[in-house]
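Undergrad: Kindly return the folded structure for what I paste below:
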Amino acid sequence: MTTFHADAVPGQPPPPDSVRPRDSTSDAPTSVARLNDTIRGFIETWGSVWVEGEITSWNVRTGNVFGRLKDLSTDATISFRIWSSTLQRLPADLRVGDHVIASVKADYFIKSGDFSFAVSSMRHVGLGDQLEKLERLRAKLRAEGLFDLARKKQIPFLPHVIGLITGEKSDAEKDVRHNAELRWPHVRFRTAYAAVQGDRCVPETIGALKALDADPNVDVIVIARGGGDAQHLLGFSDERLLRAVAAASTPVVSAIGHENDHPLLDDIADLRASTPTDAAKRVVPDVVEQRAAVVQLRSRLTMRLSQRIGHDIAQLEQLRSRPVLRAPETMIDARSQQQWLLVSRGRDVVDRLLESQARRAAELRAALRTLSPASTLARGYAIAHLTGGVIVRDAAQARAGDAVVVTVARGSFSARSEGEVAESPRTAGTAEAPAAPS
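TA: Sure thing, here's the model as predicted:
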């Protein structure tokens, strides 16, 4: 039987009503409350102590902080709490991974039997070893461009098959499946189980990732794990896993821990979900919301079409109300009347022009007749031609015996010259005389 001796601390009086060996037997056991009182009385004799370590857990609840402090060289840890009144005096940038020193005082809760340390002071010493390594890796990957938004792949709107990497029978798997099926009942999953902490976490997760990435039916891969200490999430900041995710051809969603957890996988993945539940909501559309959106879009489309058709009908009625469209034959009649007038005017102009030109032609014809030799021949004159077409203008031209062609008003005849003769009295004194004797 375990016994507790308050006088184990030299110089300290035993607490009242403490448990002693002679007070507790199998026949007369002590109560749990009395035992807890004895333990608390013993612990209260301890004073405050300064400890150095690395923060591995930092959870804020109702204004108070509950966390864990890890030894820098071993896996030894302690639980601590910081009341809200004390938290206001501490540095505001305290977080998981910080290397700190803290003034702590042991405390024992009688009702639950839990042992913890209350922090009265805490300050930075420097980055913890793990955080320092992570920061160096973060800087390295960022320099390589693996955090760039340009390289991240688009998540499909409605994936046909979702690849899920998570722990077997884990709450994270239940959360993802349940919330995804609530949003889209026909969603399908292809699950690959892997250890989500410890030495097997990285190789098993990489193997599951490669298997799902090689499946052509898988449209998106979700890596999900519930919350936990930062130390338990270190596998999701491992460089091997990060490079495998960056090399995957299928879009990858990181859903590790809670909102405050932030492994490097969140920066490498194509989409970061704050929790597994959030991953389901961001990967799978809500069928109710989509149906409502379709109804809304149909309503807006119907309204827009009705407005457009109403507007077009009003414009058509306005056009039809115009006189030219109400009785289009009036425009044709007016144009035909105008055309008839133009044609009539054109005909009058052409007729007058033709008459004028006909008169002009008659005048020219008359003048031509007046000047033509034919009119002279018609009055009884003749034209004598020698051989070669030479017109006889002088009687001396026609020597005796020369052949002469005589042209009269109606035809020509040949003759032979007998030489020049005396002028006939009948023609003497007249201005006109025959060109040659016959």
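Undergrad: show me where this protein has strands.
TA: Listed in chain order, the strands of the chain (DSSP state E) span 49-61, 64-70, 77-82, 98-108, 115-127, 161-166, 188-193, 220-225, 252-256, 271-272, 383-385, 403-408, 411-416.
Undergrad: Please identify which of these is closest to Asp333.
TA: Closest to Asp333 of the strands of the chain is strand 411-416 (Cβ to Cβ; 66.3 Å). Any C-beta I mention is one placed from the backbone N, CA and C, and that applies to glycine too.
Undergrad: tell me which residues of that closest one are tucked away?
TA: Buried residues in strand 411-416, counted by 16 or more other Cβ atoms under 10 Å: Ala415.
Undergrad: partners of it in the sheet?
TA: Strand 411-416 has its sheet partners listed here by DSSP bridges as strand 403-408 (antiparallel).
Undergrad: any idea how far the strand it pairs with is from the chain center?
TA: From the chain centre to the centre of strand 403-408 is a distance of 109 Å (Cα atoms, centre = their mean, to the nearest Å).
Undergrad: List the contacts of it.
TA: Contact with strand 403-408 is made by 377, 382-387, 392, 398, 412-417, 436, 438, as judged by Cβ atoms under 8 Å, 6 or more residues apart in numbering.
Undergrad: please redo it, this time with the cut-off set to 10 Å
TA: With contacts defined as Cβ atoms under 10 Å, 6 or more residues apart in numbering, strand 403-408 is touched by 373, 377-378, 380-387, 389, 391-392, 397-398, 412-417, 434-438.
Undergrad: Extract the C-alpha trace of that strand and format it as CSV.
TA: This file holds the C-alpha atoms of strand 403-408, laid out as CSV (Å, rounded to 0.1, in the frame of the first residue of the first chain):
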residue,chain,number,x,y,z
ALA,A,403,-13.2,61.4,-175.1
VAL,A,404,-15.4,63.3,-172.7
VAL,A,405,-17.8,62.0,-170.1
VAL,A,406,-20.8,64.3,-169.5
THR,A,407,-22.7,64.1,-166.2
VAL,A,408,-26.2,65.5,-166.2
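Undergrad: Now for Gly235, how many residues are close by?
TA: Applying other Cβ atoms under 10 Å, we find 25 residues neighbouring Gly235.
Undergrad: What distance do you get for it to Lys153?
TA: According to Cβ to Cβ, to the nearest Å, Gly235 stands 23 Å off from Lys153.
Undergrad: likewise Ser79?
TA: 41 Å.
Undergrad: Ok, Glu355 next?
TA: The gap separating Glu355 from Lys153 is 94 Å, by Cβ to Cβ.
Undergrad: ok, the two, which is more surrounded?
TA: Set side by side, Glu355 and Lys153 show more neighbours around Lys153, with 14 against 10, by other Cβ under 10 Å.
Undergrad: how many neighbours does the residue lying closest to the more buried one once chain neighbours are set aside have?
TA: Leaving out its chain neighbours, the residue that sits closest to Lys153 by Cβ to Cβ, 6 or more residues apart in numbering is Pro251, at 4.3 Å. Pro251: 21 surrounding residues under other Cβ under 10 Å.
Undergrad: where in the stretch 1-150 of the chain is pLDDT low?
TA: 1-24, 27, 126-129 (pLDDT under 70).
Undergrad: right, I mislabeled it, should have said the stretch 151-300 of the chain
TA: For the stretch 151-300 of the chain, the stretches with pLDDT under 70 are 229-231.
Undergrad: switch to 50 and redo it
TA: Of all residues in the stretch 151-300 of the chain, none has pLDDT under 50.
Undergrad: which residues in it form helices?
TA: 171-183, 201-213, 239-247, 265-268, 276-283, 287-320 (DSSP state H, counting those that start in this stretch).
Undergrad: most tightly surrounded among these?
TA: Highest mean neighbour count of those: helix 276-283, a mean of 23 (counted as mean count of other Cβ atoms under 10 Å).
Undergrad: Flag every buried residue along stretch 89-109.
TA: Buried residues in stretch 89-109, counted by 16+ other Cβ under 10 Å: 90, 94, 96-100, 102, 104, 106-108.
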